[in-house]
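Visitor: Following is a predicted model, sequence given first.
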Amino acid sequence: MKKLLLLPGLVLGIAVFWYMSQSRTAPEKAQIQERAKPVRVIPAPKVILIPIAVGNGYVQPERTWKAVAEVAGRIVDFNPDLHQGAFVAKGDLLISIAPEQSQLALQEIQAEIQKLQAQIEELDQKKADTQRQLVVEKRSLDIYKNELERKQKLFESGIISRSNLNREEQNLLTKKNTVESYKGILNRLPSERRALKASLRALKTRSQDARITLKKTIIKAPFDSRVAEVNIQRGQAANAGQTLVTLDGVGTSEVLVQVSRHYMKNLIPKSLGKTFEIQNLKRLSRGDVQGMLGLKAIVRLEMGGRMAEWKGRFARFGETDIKTGSIGVYIAVDNPFQKIQPGKKPPLQKNMYVEVELRGKPRDQTIVIPRSAVHQGQIYIANEKDRLEKRTIEVHFQQGNLVSVKSGIRPNEKVVISDLVPAISGMLLQPQVDEATLSKIIKEATGSETVK
């Protein structure tokens with residue numbers, strides 16, 4: 001009976017469940033929406049590129065001069081401004097060494113010269129006297145010859161004796177010997193005179209040397225300079241060969257910077273091409289090299305957040321560093337102690353550590369992009385559909401924070417400069433132009449901003 005009472009309820013429940021299942025609507029499927037990735041981009045600029053290389057080095061004077069004592073003696077005169085760091089002008093007296101010894105040596109030589117000159121004069125007078133005496137003796141000899149001939153005839157006639165004729169012959173021989181003696185004297189006089197002349201020339205040379213030595217007791221500045229070192233004072237004795245003073249020229253300063261061959265090639269004009277060789281350029285004059293390379297230089301000194309600048313010029317190539325292969329370049333700065341601005345621009349002094357920026361001739365227009373935008377030879381492009389596209393590029397050369405692209409990209413294409421992780425080709429991007437980075441790259445490429 002109880003089972004019969006449960007049956008109607010069970011049927012009713014089944015009916016209700018069936019109704020509800022037939023009237024229920026199916027759940028709607030949610031649509032998956034693609035999210036765009038925000039990225040920073042720059043339109044690839046095409047600019048006239050200024051090749052730039054940056055290096056560092058120490059300032060050194062172009063000319064350095066050491067005053068070395070060439071004579072020994074006591075210091076009797078001393079420039080009161082001769083102190084380290086002081087300036088001296090060309091021709092200023094620096095040091096005077098006591099000249100007594102040099103003067104005595106010169107006086108002794110002059111006395112010997114006068115003595116030799118007197119001997120030569122005496123020899124010339126002796127020659128004149130001998131020549132006159134020889135003329136007289138020759139005439140006397142002719143008389144003796146005539147007398148001998150006369151007595152020879154008398155002897156043959158029996159008028160005089162043989163002994164008388166012999167005495168006349170003896171007188172004639174004596175006179176001949178006298179004549180030959182004078183001739184011998186005259187023959188010897190030229191050699192004696194040459195010997196005296198040679199001695200006189202040697203003494204005059206010594207006299208000139210003594211005069212030069214005497215001048216060496218006075219030491220003057222050879223050019224406008226700054227005193228680098230002083231090793232002696234008034235009253236002290238200087239030894240020959242001792243360095244007394246060291247001067248640094250103030251007309252021109254130089255900085256030797258080492259530039260890698262990679263960056264050096266960037267500075268070489270395209271017209272030189274593969275013919276560029278440092279050794280070949282070293283054989284040319286400075287003007288020829290400067291004309292070919294067209295290098296410009298700026299020397300900078302960091303001063304607590306400020307930069308002092310000097311205009312430099314290419315001077316010459318230095319040696320190539322064996323370890324790094326970098327090329328030495330000397331940059332000259334003219335008049336480094338002029339146009340000083342207190343607190344802004346100090347004098348460019350010796351041993352200052354400075355930065356040198358070298359600039360080559362402008363290149364043809366080229367596309368430049370940030371160096372950080374290149375990923376193992378590829379760049380990321382936001383195409384016209386704002387989809388990520390990977391491009392393989394050919395780099396012309398690198399410079400500072402940028403690279404010059406030879407092929408693989410067109411002007412104004414949007415280059416992704418953000419870090420994308422992961423970077424999936426075709427992914428949707430939300431590009432935003434980074435005006436600051438674009439401006440910085442253009443300024444660096446065109447030389448209006450310092451390359452670091």
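Guide: Arrived safely, thanks for sending. Numbering: from 1, shown residues only.

Visitor: State the distance from Leu123 to Glu112.
Guide: 16 Å (CB to CB, to the nearest Å). Glycine gets a C-beta too; all of them are placed from N, C-alpha and C.

Visitor: cool, Ile232 as well?
Guide: For Ile232, the distance to Glu112 (CB to CB) stands at 34 Å.

Visitor: What of Arg363?
Guide: Counting by CB to CB, the separation of Arg363 from Glu112 is 75 Å.

Visitor: Around the closest residue to Val39 other than its chain neighbours, how many other residues sit close by?
Guide: Counting by CB to CB, 6 or more residues apart in numbering, Ser418 is the residue found nearest to Val39 once chain neighbours are left out, at 4.3 Å. The tally of other residues near Ser418 (other CB atoms under 10 Å) stands at 18.

Visitor: is it true that Ser418 lies in a helix?
Guide: No. Assessed with DSSP: H, G, I helix; E, B strand; the rest coil, Ser418 is coil; it does not lie in a helix.

Visitor: I'd guessed it sits against Pro370; true?
Guide: No. Judged on CB atoms under 8 Å, Ser418 makes no contact with Pro370 at a distance of 10.9 Å.

Visitor: Comparing Ile232 and Glu112, which shows the higher neighbour count?
Guide: Counted by other CB under 10 Å, Ile232 and Glu112 do not tie: Ile232 has more neighbours, with 20 against 16.

Visitor: Now do the same contact list for the nearest residue to that one once chain neighbours are set aside.
Guide: Leaving aside its chain neighbours, Ile232 sits nearest to Leu244 (4.8 Å; criterion: CB to CB, 6+ apart). Contact partners of Leu244, counting by CB atoms under 8 Å, 6 or more residues apart in numbering, are 67-69, 94-95, 219, 230-232, 238.

Visitor: Centre of the chain to the lengthiest strand in the chain, how far?
Guide: Longest strand in the chain by number of residues, with DSSP state E as the criterion: strand 306-320. Distance of strand 306-320 from the chain centroid (CA atoms, centre = their mean, to the nearest Å) equals 10 Å.

Visitor: elements contacting it?
Guide: Here strand 306-320 touches strand 252-259, helix 278-282, helix 286-293, strand 296-303, strand 327-334, going by 3 or more CB pairs under 8 Å, 6 or more residues apart in numbering; DSSP states H and E.

Visitor: In terms of mean pLDDT, which of the ones you listed ranks lowest?
Guide: Note on these: helix 278-282 shows the lowest mean pLDDT, a mean of 55.

Visitor: What helices and strands are in contact with the strand or helix carrying Asp209?
Guide: Using DSSP states H and E, Asp209 falls within helix 162-215. Contacting helix 162-215 under the criterion 3+ CB pairs under 8 Å, 6+ apart are the following elements: helix 100-157.

Visitor: For the helix it packs on, enumerate the helices and strands it packs against.
Guide: Against helix 100-157 (3+ CB pairs under 8 Å, 6+ apart) you get strand 73-78, helix 162-215.

Visitor: May I see the helices and strands packed on strand 306-320 organised as JSON lines, with mean neighbour count and distance to Asp142 added?
Guide: Converted to JSON lines, these look like this (neighbours: other CB atoms under 10 Å; distance: least, CB to CB, whole Å):
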{"stretch": "strand 252-259", "mean neighbour count": "21", "distance to Asp142": "84"}
{"stretch": "helix 278-282", "mean neighbour count": "13", "distance to Asp142": "83"}
{"stretch": "helix 286-293", "mean neighbour count": "14", "distance to Asp142": "82"}
{"stretch": "strand 296-303", "mean neighbour count": "18", "distance to Asp142": "95"}
{"stretch": "strand 327-334", "mean neighbour count": "20", "distance to Asp142": "87"}
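
Visitor: Mind checking those for the one nearest to Lys345?
Guide: Closest approach to Lys345 among the helices and strands packed on strand 306-320 is made by strand 296-303 (8.5 Å; CB to CB).

Visitor: could I have that closest one exported to PDB, CA atoms only?
Guide: Listed next in PDB are the C-alpha coordinates belonging to strand 296-303 (Å, rounded to 0.1, in the frame of the first residue of the first chain):
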ATOM      1  CA  LYS A 296      88.500  67.800 -36.600                       C
ATOM      2  CA  ALA A 297      89.100  67.500 -32.900                       C
ATOM      3  CA  ILE A 298      87.600  68.800 -29.700                       C
ATOM      4  CA  VAL A 299      89.500  68.400 -26.400                       C
ATOM      5  CA  ARG A 300      87.300  68.300 -23.300                       C
ATOM      6  CA  LEU A 301      88.000  68.500 -19.500                       C
ATOM      7  CA  GLU A 302      85.400  67.400 -17.000                       C
ATOM      8  CA  MET A 303      85.100  70.000 -14.200                       C
END
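
Visitor: Tell me the strands beside that strand, with direction?
Guide: If you go by DSSP bridges, strand 296-303 pairs up with strand 306-320 (antiparallel), strand 353-359 (antiparallel).

Visitor: Deepest in the core, which of the ones you listed is it.
Guide: Highest mean neighbour count among these (mean count of other CB atoms under 10 Å): strand 353-359, with a mean of 20.

Visitor: what does that strand rub up against?
Guide: Identification of contacts with strand 353-359 by CB under 8 Å, 6+ apart yields 50-59, 255, 257, 259, 267, 295-302, 312, 329, 331, 348, 447, 450-451.

Visitor: Low-confidence stretches in the stretch 351-452 of the chain?
Guide: Within the stretch 351-452 of the chain, the segments meeting pLDDT under 70 span 450-452.

Visitor: Pipe the helices and strands packed on strand 306-320 into JSON lines and attach distance to Leu358 per row.
Guide: Output for the helices and strands packed on strand 306-320, formatted as JSON lines (distance: least, CB to CB, whole Å):
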{"stretch": "strand 252-259", "distance to Leu358": "7"}
{"stretch": "helix 278-282", "distance to Leu358": "14"}
{"stretch": "helix 286-293", "distance to Leu358": "9"}
{"stretch": "strand 296-303", "distance to Leu358": "6"}
{"stretch": "strand 327-334", "distance to Leu358": "7"}
